[in-house]
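Trainee: just to be clear, the model below is a prediction. Sequence and coordinates:
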Amino acid sequence: MNCFVTGASGFIGANLVHELVGRGHRVKALLRPQSDLRGLHGVKFERVESDLSDMATLTAAMEGCEWCFHVAASYHLWLRDYGPMYATNVGGTRSVIHAAARTGCRRIIYTSTVGCVGLPSRAGGKIVPSDETAPVAEEQLTNHYKRSKWQAEQVAIQCAREGFPVIIVNPSAPVGPRDVKPTPTGQVIVDFLNRKVPAYLDTGLNWVHVRDVCAGHILAAEKGHIGERYILGNAEGNWTLKEAFAVLEEITDIPAPKFRIPYFAALAAAKMNETLSFFTRKPPRAPLAGVRMAKHKMFFSPAKAIRELGLPQTPPRQALADAVNWFRENGYVKGGR
């Protein structure tokens with residue numbers, strides 16, 4: 001297939017380009033002039049230099065493409081001005097979907113987030129992982145990133161209702177190779193490797209290999225139903241941060257933190273950090289939005305994607321090990337160990 005990929009220099013985007021080309025597909029990748037291309041090293045693709053606001057370039061570039069993967073997003077938990085984030089995440093999604101439909105793309109895969117899925121419930125004292133039917137409560141949209149992605153997903157849903165061939169995928173917490181920036185989740189692993197994690201919060205994520213997330217995008221294009229959402233996660237990947245650190249300790253022989261930070265203390269520290277950031281104009285190390293998100297264990301069920309798409313299920317331990325190896329091999333760890 002001829003494929004168009006936005007956000008190709010990002011963590012999921014770069015891995016998706018590698019996965020598509022590895023399966024014999026041809027890729028046009030939308031990239032900004034200043035994009036960091038380290039994640040795309042060694043893969044052959046056609047570069048389209050523009051941004052999501054340039055409708056004419058988007059439309060021209062998508063001519064002849066059968067699949068469009070809209071992966072690009074502005075992901076920041078703290079900014080002095082959130083206007084550009086909404087322009088990218090909401091306006092950019094509308095532009096890409098309309099351009100893809102105008103040029104006859106057969107499938108438009110929109111990359112959302114599990115942050116647009118309702119939080120897990122509790123039954124019998126246990127957490128019940130959410131699925132695609134869980135409604136999002138207003139209080140869940142606690143930060144501008146989540147709010148902008150939720151609005152963007154509503155754009156995608158409405159376009160599907162209007163007959164556009166849109167399918168939505170909601171990745172959980174991907175880890176693995178080519179996390180160049182790195183992502184907030186990847187940064188947790190880098191900090192662990194550099195022994196900068198003295199304590200942990202009582203939170204949790206659904207950990208999934210980025211390779212499975214990319215396979216899920218392609219499977220959604222091949223088998224997904226228009227207008228549907230698919231959580232791209234791992235059925236065995238609902239781990240607390242403490243559990244994830246314990247696995248990292250087994251993989252690396254680096255001692256896991258033993259002290260748990262009380263939530264109120266983390267919240268107070270984040271508020272102080274953000275106050276300082278207002279004056280220094282530098283992002284806080286622990287954004288308030290991130291701490292508020294950590295109040296909940298973000299456990300999700302990928303059963304629908306496994307059942308309907310055949311989503312692969314690489315063990316989460318392997319995902320962490322692959323991330324560790326990549327960070328070590330690419331200079332993110334002091335001393336290389």
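Mentor: Nice, I can see it. Numbers count the residues shown, from 1 in each chain.
Trainee: any idea where the strands of the stretch 101-250 of the chain begin and end?
Mentor: Under the criterion DSSP state E, counting those that start in this stretch, the stretch 101-250 of the chain carries strands at the ranges 107-111, 121-123, 126-128, 166-171, 173-175, 199-200, 204-209, 229-232, 238-240.
Trainee: out of these, which gets nearest to T142?
Mentor: Proximity of those to T142 was assessed by C-beta to C-beta; the nearest stretch is strand 204-209, lying at 16.4 Å. Heads up, the C-betas are built off the backbone N, CA and C, glycines and all.
Trainee: one step back: so which of the strands of the stretch 101-250 of the chain gets nearest F11?
Mentor: Ranking those by distance to F11, with C-beta to C-beta as the measure, places strand 173-175 first at 6.8 Å.
Trainee: of all the strands of the stretch 101-250 of the chain, which lies closest to Y263?
Mentor: With C-beta to C-beta, the closest approach to Y263 among those belongs to strand 199-200: 11.6 Å.
Trainee: same for that closest one, what does it pack against?
Mentor: With contacts defined as 3 or more C-beta pairs under 8 Å, 6 or more residues apart in numbering; DSSP states H and E, the secondary structure elements packing on strand 199-200 are helix 241-252, strand 259-260.
Trainee: ok, now which ones touch V169?
Mentor: Under the criterion of C-beta atoms under 8 Å, 6 or more residues apart in numbering, the contact list for V169 reads 109-112, 213, 216-217, 220, 224, 229-230, 232, 305.
Trainee: now do P135
Mentor: Shown in contact with P135 (C-beta under 8 Å, 6+ apart): G118.
Trainee: how close does it get to C116?
Mentor: Here the criterion is C-beta to C-beta, to the nearest Å. By it, P135 lies 11 Å from C116.
Trainee: over to W78?
Mentor: Counting by C-beta to C-beta, the gap from W78 to C116 is 20 Å.
Trainee: mean confidence for stretch 50-64?
Mentor: For stretch 50-64, mean pLDDT is 91.
Trainee: what's near enough to touch the closest residue to V190 other than its chain neighbours?
Mentor: Nearest residue to V190, sequence neighbours excluded (C-beta to C-beta, 6 or more residues apart in numbering): Y332, at 5.1 Å. With C-beta under 8 Å, 6+ apart as the criterion, the residues that contact Y332 are 182, 190, 193.
Trainee: any idea how many residues pack against the nearest residue to A101 once chain neighbours are set aside?
Mentor: When the adjacent residues along the chain are set aside, A101 lies closest to F164, with 4.7 Å between them (C-beta to C-beta, 6+ apart). If you count neighbours by other C-beta atoms under 10 Å, F164 ends up with 18.
Trainee: quick one: stretch 12-21 to chain centroid distance?
Mentor: Between the mean C-alpha point of stretch 12-21 and the mean C-alpha point of its chain there is a distance of 14 Å (C-alpha atoms, centre = their mean, to the nearest Å).
Trainee: pull out the buried residues from that stretch.
Mentor: Neighbour-count burial for stretch 12-21, with 16 or more other C-beta atoms under 10 Å as criterion, is recorded at 12-21.
Trainee: take those residues and write them to JSON lines, including distance to P177 and pLDDT.
Mentor: Written out in JSON lines, the entries for the buried residues of stretch 12-21 read as follows (distance: C-beta to C-beta, whole Å; pLDDT from 0 to 100):
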{"residue": "I12", "distance to P177": "12", "pLDDT": "97"}
{"residue": "G13", "distance to P177": "13", "pLDDT": "97"}
{"residue": "A14", "distance to P177": "9", "pLDDT": "97"}
{"residue": "N15", "distance to P177": "7", "pLDDT": "98"}
{"residue": "L16", "distance to P177": "13", "pLDDT": "98"}
{"residue": "V17", "distance to P177": "13", "pLDDT": "98"}
{"residue": "H18", "distance to P177": "9", "pLDDT": "98"}
{"residue": "E19", "distance to P177": "12", "pLDDT": "98"}
{"residue": "L20", "distance to P177": "16", "pLDDT": "98"}
{"residue": "V21", "distance to P177": "15", "pLDDT": "98"}
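Trainee: for these, work out which two are farthest apart.
Mentor: Distances among these were taken as C-beta to C-beta; the most separated pair is I12 and V21, at 15.0 Å.
Trainee: distance of the nearest residue to G310 once chain neighbours are set aside from Y75?
Mentor: Among residues not flanking G310 along the chain, L219 sits closest, at 6.0 Å (C-beta to C-beta, 6+ apart). Taking C-beta to C-beta as the measure, L219 and Y75 are separated by 24 Å.
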